[in-house]
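Participant: sequence first, then the predicted structure, then my questions.
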Amino acid sequence: MRSIARFARFARLLLCLACSLPAIAGDAYPAGYARLVDSARREGALTIYSTTDAQAIGPLLAGFRQRYPFLRVDYRDLNSAELYRQLRGEVDAGHGVADIAWSSAMDLQAKLVNDGYAQRYSSPERNALPDWARWRDETYGTTFEPVVFAWDRHAMSDRQAPHTHAELRRQLAAHHEWTLTGYNIEGSAVGYLLLTQDARYNPEFWDLAQALGPALRLREEQSRTMALQLGHGSAQFGYNLLGPYTAELARSNPRIGWRVPEDYALVVSRLTLISRLAPHPNAARLWTDYLLSAEGQQKLADATGLPPIRTGLPRRLDGVSLDARSSQWRPIQVGSGLLVYLDSAKQGLFLRRWRDLAFNPPH
């Protein structure tokens with residue numbers, strides 16, 4: 001009788017595995033994955049802290065719930081600073097609530113990893129990601145989001161709008177009447193991150209900053225707000241907008257033009273990690289694998305327009321092909337390099353120089 005019972009348990013595990021594994025082209029999950037699924041079944045729940053709107057990713061969540069109906073998913077929308085503070089506070093107090101932290105603030109996610117707030121998980125999907133999008137098997141990129149130029153088509157034609165950062169600087173010198181919209185980098189973690197990455201990749205960045213300053217009359221916290229300003233004519237040009245939000249609004253408002261800069265284009269990615277004190281660590285691993293799987297990546301892209309990070313899937317932004325081999329891409333490397341400008345002394349120096357050049361230009 002015992003052998004029959006053992007066989008029945010083994011058969012249930014095999015059935016669970018067959019029903020639960022995402023399809024992976026040309027690859028297979030490890031043989032013991034059924035035990036992970038069974039452990040997650042016993043946990044019965046999953047809590048996700050995220051900066052991505054729950055309504056926007058409805059099909060992704062529905063797909064995960066359909067695959068793992070035994071998991072009760074608690075999905076909580078937070079801004080990036082709230083997410084960072086809340087996860088740190090929970091772990092510091094020794095009482096984990098969140099299993100997953102999924103955030104667009106790449107530098108804050110990297111700091112959580114660096115400071116020991118994440119746990120290692122070698123996802124079987126990891127090899128489908130580019131090298132720059134994973135770090136220590138503790139955090140993984142999930143999207144491929146280019147940073148774009150945008151403009152008011154009533155103020156300038158697509159042909160007239162700058163194609164490169166150098167061309168933008170020259171045009172700003174000739175058009176003192178332009179009003180620009182861009183990030184308030186003292187209030188936006190994403191805006192600050194993008195400017196520090198600009199400084200890394202653009203040898204003429206500080207010259208550009210000096211030209212941007214007098215025209216940057218609208219300083220905002222979100223790309224969506226900036227794109228809306230272009231759409232109703234309160235700004236003529238937008239600098240460093242996130243491509244997916246801009247493309248989404250441009251679909252419904254043809255007044256908004258946008259392009260990926262042709263000299264170089266930063267690429268950001270929403271990073272996911274598993275909390276070191278995750279109360280449902282096995283469920284968190286299932287979520288990580290599903291989010292990075294071909295099915296999960298496609299559902300995320302279809303629902304939100306966020307191009308997939310996974311290699312082998314088409315990357316498009318509102319019909320524009322994002323050729324992964326293009327030399328113009330400057331993906332923001334996930335790793336300790338993201339921490340450089342979080343150092344308070346370096347941050348102070350950068351912000352002081354930005355203020356001095358951008359808002360107190362030499363005469």
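Facilitator: Nice, I can see it.
Participant: and the protein, split by domain according to the record?
Facilitator: 2-144+269-331, 146-267+338-359 (automatic domain parsing).
Participant: how about JSON lines for these, with mean pLDDT and mean neighbour count added?
Facilitator: Placement of C-beta: from N, CA and C, glycine included. JSON lines is the format used below for the domains of the chain (pLDDT from 0 to 100; neighbours: other Cβ atoms under 10 Å):
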{"stretch": "domain 2-144+269-331", "mean pLDDT": "89", "mean neighbour count": "18"}
{"stretch": "domain 146-267+338-359", "mean pLDDT": "92", "mean neighbour count": "18"}
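Participant: the stretch 251-363 of the chain: helices as residue ranges?
Facilitator: Secondary structure of the stretch 251-363 of the chain by DSSP state H, counting those that start in this stretch: the helices cover 281-292, 294-304, 344-359.
Participant: minimum distance to Ile48: which of those helices has it?
Facilitator: Of all the helices of the stretch 251-363 of the chain, helix 281-292 sits nearest to Ile48, with 6.9 Å by Cβ to Cβ.
Participant: including distance to Ala161, could the helices of the stretch 251-363 of the chain go into JSON lines?
Facilitator: Listed next are those as JSON lines, based on distance: least, Cβ to Cβ, whole Å:
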{"stretch": "helix 281-292", "distance to Ala161": "35"}
{"stretch": "helix 294-304", "distance to Ala161": "26"}
{"stretch": "helix 344-359", "distance to Ala161": "21"}
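Participant: nearest to Thr181, of those?
Facilitator: Of all those, the one in closest proximity to Thr181, counting by Cβ to Cβ, is helix 344-359 (14.1 Å).
Participant: to Thr179, which of the helices of the stretch 251-363 of the chain lies closest?
Facilitator: Taking Cβ to Cβ, helix 344-359 is the member of the helices of the stretch 251-363 of the chain nearest to Thr179, at 14.8 Å.
Participant: contacts for the closest one?
Facilitator: Helix 344-359 is contacted from outside by 185-186, 192, 195-196, 199, 206, 209-210, 212-213, 216, 340-341, using Cβ atoms under 8 Å, 6 or more residues apart in numbering.
Participant: could you rerun that using 6 Å?
Facilitator: If you take Cβ atoms under 6 Å, 6 or more residues apart in numbering as the criterion, helix 344-359 is touched by 206, 209-210, 212-213, 341.
Participant: ok, these vs Glu145, which is closest?
Facilitator: Tyr341 (19.6 Å).
Participant: quick one: stretch 344-355 to chain centroid distance?
Facilitator: Put simply, stretch 344-355 sits 24 Å off its chain's centre (Cα atoms, centre = their mean, to the nearest Å).
Participant: quick revisit: now, the contacts of helix 344-359 that are in helices?
Facilitator: 206, 209-210, 212-213 (DSSP state H).
Participant: nearest to Val268 among the contacts of helix 344-359?
Facilitator: Using Cβ to Cβ, Tyr341 is the member of the contacts of helix 344-359 that sits closest to Val268, with 14.7 Å.
Participant: how about that closest one, nearest residue that isn't a chain neighbour?
Facilitator: Distances taken as Cβ to Cβ, 6 or more residues apart in numbering put Thr196 closest to Tyr341, at 4.3 Å, once the chain neighbours are dropped.
Participant: same check, this time on Tyr192
Facilitator: Leaving aside its chain neighbours, Tyr192 sits nearest to Ile185 (4.3 Å; criterion: Cβ to Cβ, 6+ apart).
Participant: hmm, that neighbour is touching Leu193, no?
Facilitator: No - applying Cβ atoms under 6 Å as the test, Ile185 and Leu193 come out as separate, 8.8 Å apart.
Participant: the longest strand along the chain: partners in the sheet, and parallel or antiparallel?
Facilitator: Ranked by number of residues, the top strand in the chain under DSSP state E is strand 145-152. Strand 145-152 pairs in its sheet with strand 237-242 (antiparallel), strand 256-259 (antiparallel), strand 265-268 (antiparallel), by DSSP bridges.
Participant: dump these into TSV; add distance to Leu300 as well.
Facilitator: Formatted as TSV, the strands paired with strand 145-152 follow (distance: least, Cβ to Cβ, whole Å):
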stretch	distance to Leu300
strand 237-242	15
strand 256-259	21
strand 265-268	15
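Participant: middle-most residue in this structure, spatially?
Facilitator: With distances taken as Cα atoms, centre = their mean, Arg270 lies nearest the centre of the chain, 2.1 Å away.
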